[in-house]
Structures are given as C-alpha cells and as structure tokens.
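# I'd like to go over a predicted model; first the sequence, then the structure.
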Amino acid sequence: MTVEAPRPAAAPRVPAGPVAVVGAGTMGAGLAQVAAAAGRPVVLYSRTRESLDRARAAIEDSLRRLARRSAAPGLPAPADPAEVLDRVRPTTRLEDCAGAALVVESVAENLAVKQEVFARLDALCADAALLASNTSGIPIGAIARATTRPERVVGTHFFSPVPMMRLCEIVRGPATSEHVLALAQAFAAEIGKESVLVERDTPGFITTRLLTVLILEAVRMVEDGTCSPADLDRACQLGFGHPMGPLASVDLSGIDVFHDVAAALHRATGNPAFEAPALLGELVAAGHHGRKSGRGFHDYRAAADTGPATTGAR
C-alpha cells in the first residue's frame, strides 16, 4: 500500500475581487496604479472629484514614464496603460468600496480622520474583507479600535513613489490574526512588493522612525546655513548611495504630510529628535509642500519632468 505524502497547503491569497483605495493623494494614486497593473479591479475613493482627476492624471503620467523606461532592450514590457486605467474606477461615494476584498486606507496622517474612515468601512464592508492602513507611523491598534473586527485590521505601509519602491512594511496590530498577516504579505507580493514584518505596533514602525530623524536633521542643517538643499541631497546620494536625497524625498511625499508624521512621533514618544525645526512649519504655512505644489526644499516649477531645478528653501 502506497501512502501519498501530504500536499503542501496552498499559499494564502486575497480572494478575487476588487481592491478599494481610500484616499486619492500621491500614495493613493500610486496604490491604485500598482493594484490595477497587477490585474485587480480598483475602486479609488476621494471626497472630491478634483482630487480624483488629479489622481488619474498622476497615474497616466506615471504609466507614460514607466513605458519610456521599459522601452530599453532587455527590459520586460510594461502593463498596457489603457488597460490599467480602465481597471481604476474613481468614486466620491465610500459606499462603492463595500464589495472590496481588501481596502487600503491612505488618508491624512491623523488618527481621528483614520478612525472615522475605518468606522465607516467596518459598517460597509463584508465581514471577510481585510481593512489595511497605509499609515506611515500611527499605531494600528489605535486605528483598529474604531472597528468591531480588530483581528482583520493590518498595517500595509508602502513607499513613494509606489510604482517604483519595492518595500512594504506589514504591521501587526495587537489583535491582527496570523491569517490576515499572511494575506497582507500575499497581497504585497501580488503587486510586486517585498515585505518586512513589524512585530511590535510602535509609532513610526521601522523606516519612518529612522527616516524622520534623518530628514529633520537635514532640515536643521539647511536652516542653520550648513549647506544648501541641493548639496545636502547630493552628499547623501554620492556618500551613502541613496537614490534620492532626504529633502528631495520629503518633497516627493509631501512636506505637509511629513510635518504631521514628525509631530505625531514627537507627541507619541516625547523624543526631542522628532521635534520639527521652524523651517519645516514655515514651508507648510507658505504652501510650499514639495512637488505637488511646485516648490518645497527644491523648486520644480521650471523642470517638472527632470527633477529639482533650483533651491526652493533657504
């Protein structure tokens, strides 16, 4: 009698169905793009039609850039831009996210705002749906308290620009189940990302805590006249092998967003290393939020397609 070896368990996978992205800013648009490029239908929610229009334009521009880069010999063909765009359904009705197998929240880095979104999603979505937050530093347990299913809430911290950056931090909340962690890791792999697991639900996780200290010190050095933004970024690129300097990086993700992240970390930890220098608040107050406003630490108004042209901060 031959005894068959047990078959290996099937790898976990987020069930077939649409992915919903709540928030259509820089990160939300990028998440919608990569999920659609992986073949998923995507519901992209924002409160305003204007932000959805900006997100679609950003996705179109990103797809064009990727197509140009992939035209080089030996590189794989990119996803068809028209097909990717066809898979993204914009909406101003959060109710349209109700049928999603997975919802990724990517709204402002504000706990009260995120809790409001998760409370509404908890009421709208099926019991089996995964509720993920793209927060860069707010503890997942605090967000999950707004729901009746904390075991199905998980952190999925992606990086900007989402189509280019390979990392996703998977964050275990205090109640997140092992199955949900596995599904989140499977989704990250499905859209072409590699993941690391944050075992302790601490503010800032891994990368945000490290990067925030670097960026804040970079801002202080510009503020006190040690160097220009351009030279600081170039020093990090040439000396550390960084593909992008810390100030160009925060220009890309949004100076206003980073200001909120640093403030939240400072409140949560009391660590003076996270206290924002005055220059950061001045740029936010002046509306110089980085690439999206045309000016931040660098000036992008004359070179929208080639990177920073001149110094935008003192």
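Nice, thanks for sending it over.
# residue 149 - nearest residue in space that isn't next to it in sequence?
residue 122 (6.4 Å; Cβ to Cβ, 6 or more residues apart in numbering). Glycine gets a C-beta too; all of them are placed from N, C-alpha and C.
# sec struct for the one you found, please.
Using DSSP: H, G, I helix; E, B strand; the rest coil, the structure places residue 122 in helix.
# residues touching it, list them.
By Cβ atoms under 8 Å, 6 or more residues apart in numbering, the contact set of residue 122 is 131, 146, 147, 148, 149.
# ok, now with 10 Å
Counting by Cβ atoms under 10 Å, 6 or more residues apart in numbering, residue 122 touches 129, 131, 144, 146, 147, 148, 149, 150, 152, 153.
# number of residues surrounding the second one?
Going back to what we said before, that points to residue 131. Counted by other Cβ atoms under 10 Å, the residues lying close to residue 131 total 26.
# so it bridges to which residues?
In this entry, residue 131 is beta-bridged to residue 103, residue 153, by DSSP bridges.
# residue 101 is in contact with that one, correct?
No. Between residue 131 and residue 101 there is no contact under Cβ atoms under 10 Å: 11.0 Å.
# distance-wise, check residue 272 relative to residue 32.
Distance, residue 272 to residue 32, using Cβ to Cβ, to the nearest Å: 38 Å.
# leaving aside the residues adjacent along the chain, what's closest to residue 214?
residue 246 (5.3 Å).
# likewise for residue 134?
With Cβ to Cβ, 6+ apart, the residue lying closest to residue 134 is residue 106, at 4.1 Å.
# correct me, but the one you found touches residue 19?
No. Using Cβ under 10 Å, residue 106 is not in contact with residue 19, being 11.8 Å away.
# which neighbouring elements make contact with the helix or strand where residue 57 lies?
Using DSSP states H and E, residue 57 sits within helix 49-70. In this structure, helix 49-70 packs against helix 26-37, strand 42-45, helix 81-87, strand 88-91, with contacts taken as 3 or more Cβ pairs under 10 Å, 6 or more residues apart in numbering; DSSP states H and E.
# so where do the helices sit in the protein?
Taking DSSP state H as the criterion, the chain carries its helices at 26-37, 49-70, 81-87, 111-124, 140-144, 178-190, 207-223, 229-240, 246-253, 255-269, 278-285.
# would you turn these into CSV with mean pLDDT and distance to residue 95?
Converted to CSV, those look like this (pLDDT from 0 to 100; distance: least, Cβ to Cβ, whole Å):
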stretch, mean pLDDT, distance to residue 95
helix 26-37, 97, 18
helix 49-70, 93, 16
helix 81-87, 96, 20
helix 111-124, 97, 6
helix 140-144, 98, 21
helix 178-190, 97, 23
helix 207-223, 97, 32
helix 229-240, 98, 43
helix 246-253, 94, 30
helix 255-269, 92, 27
helix 278-285, 97, 33
